[in-house]
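> Here is the input, now give the coordinates:
(one chain, ligands or ions: 1)
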Amino acid sequence: MFGYEPYKILGALLFTLLLLTMLRVGGNAMLIPEKLVENAYVPLSVTEDYSTDEGEGEEDDEGTAQNESEGKAAAKASREGAPQIAVLLAAADAGAGKKLAKKCAACHSFEQGGKNKIGPVLWNIVGAEKGKHEGFTYSEALVEKGGAWTYGDLDAFLSAPKAYVPGTKMLFPGFKKPQDRANLILYLHSLSDKPPPLP
Ligand code: HEC
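Now for the predicted structure:
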């Protein structure tokens, strides 16, 4: 009457166990080991402050660096780990930025004359004064930050909003990848009748 039924059930259980074990082993393999044998990040030999807007300092250790081919410089810079927004913008892709901007759309409208949502309208944001979009109630923290949204400030804000403006109402973790931020900022830059000059 029972036939093979109990064996089938047992088989299914064993298979599930095997699968779980494989997942655990596989999962562990994906984690970074706790201690690296050597530093994966090789510090640059230059002493410049990366947060400045000068775009030339970091290429000193490459013999051929002084040429104007921005794309190559950007690729090189991003491999070096501390690229500057000007360099990254030169190699940025506004189309990719537009896709990333979908993550903002829950809270922001990008349209001229759009409506403020949870966050203010972002049309014309590059170069605009911080915390000044009409009809939006900003956090005190952002208003006090003040000044214009320069490329560097946007980059800092979008990498970690809460770190750049402690107390901001913008609940968004930020983008870790510098090139993602540059793509997004290039897209924001396009949202204007009169886009301000790129750095
Ligand atoms: C969960 C909602 C939310 C998401 C998602 C979000 N924002 Fe915001 N954003 C806000 C709020 C709220 C503020 C106002 C912050 C304040 O007053 O402190 C803001 C403010 C800003 C400002 C400053 C505007 C000004 O007028 O000074 C910029 C720039 C901005 N957001 C960009 C973005 C971008 C780009 C994204 C997508 C990557 C994004 N935000 C995602 C809610 C959000």
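> C-alpha from now on. contacts and neighbour counts both.
Will do.
> how much space between the residue nearest the centre of the chain and the ligand?
Nearest residue to the geometric centre of the chain (CA atoms, centre = their mean): Phe175, 2.4 Å. Phe175 sits 7 Å away from the ligand, going by CA to the nearest ligand atom, to the nearest Å.
> next helix or strand past the lowest-mean-pLDDT helix or strand in the chain?
Ranking every helix and strand in the chain by mean pLDDT, DSSP states H and E puts helix 70-80 at the bottom, with a mean of 47. Downstream of helix 70-80, the next assigned helix or strand under DSSP states H and E is helix 85-90.
> Identify the residues contacting the helix or strand that that following helix is followed by?
Next helix or strand after helix 85-90 toward the C-terminus (DSSP H and E): helix 94-100. Outside helix 94-100, the residues that touch it by CA atoms under 8 Å, 6 or more residues apart in numbering are Asp180, Arg181, Ala182, Asn183, Leu184, Ile185, Leu186, Tyr187, Ser190.
> Could I have the CA atoms of helix 94-100 written out in PDB?
Taking C-alpha atoms only, helix 94-100 is exported to PDB below (Å, rounded to 0.1, in the frame of the first residue of the first chain):
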ATOM      1  CA  ALA A  94      24.300  59.900 -18.700                       C
ATOM      2  CA  GLY A  95      22.200  57.000 -20.000                       C
ATOM      3  CA  ALA A  96      23.500  54.800 -17.200                       C
ATOM      4  CA  GLY A  97      22.800  57.700 -14.800                       C
ATOM      5  CA  LYS A  98      19.200  57.900 -16.000                       C
ATOM      6  CA  LYS A  99      18.800  54.200 -15.100                       C
ATOM      7  CA  LEU A 100      20.300  54.800 -11.600                       C
END
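> now it, how far from the chain's geometric center?
Distance, stretch centre to chain centre, for helix 94-100: 12 Å (CA atoms, centre = their mean, to the nearest Å).
> oh, and call the first residue 619 from now on, that's how I've got it
Happy to do that; since the first residue is 619 now, the last one works out to helix 712-718.
> Any buried residues in that helix, and which?
For helix 712-718, the neighbour count (16 or more other CA atoms under 10 Å) marks Ala712, Ala714, Gly715, Lys716, Leu718 as buried.
> and after it, which helix or strand comes next?
Of the helices and strands lying after helix 712-718 in sequence (DSSP H and E), the nearest is helix 758-763.
> contacting residues for Asp742?
Just so we're on the same page, residue 742 is Asn rather than Asp. Per CA under 8 Å, 6+ apart, neighbours of Asn742: Gln730, Leu806, His807, Leu809, Ser810, Asp811, Pro813.
> What pLDDT does the model give it?
On the pLDDT scale, Asn742 is placed at 96.
> Can you tell me how far it is from the ligand?
When distance is defined by CA to the nearest ligand atom, Asn742 is 9 Å away from the ligand.
> again, but for Cys722
Cys722 sits 3 Å away from the ligand, going by CA to the nearest ligand atom.
> cool, Leu776 as well?
Counting by CA to the nearest ligand atom, the gap from Leu776 to the ligand is 7 Å.
> element containing that residue?
Using DSSP H and E, Leu776 sits in helix 769-777.
> buried ones in the following helix or strand past that helix?
Downstream of helix 769-777, the first helix or strand assigned by DSSP H and E is helix 779-782. The neighbour-count check on helix 779-782 (16+ other CA under 10 Å) flags Pro779, Lys780, Tyr782 as buried.
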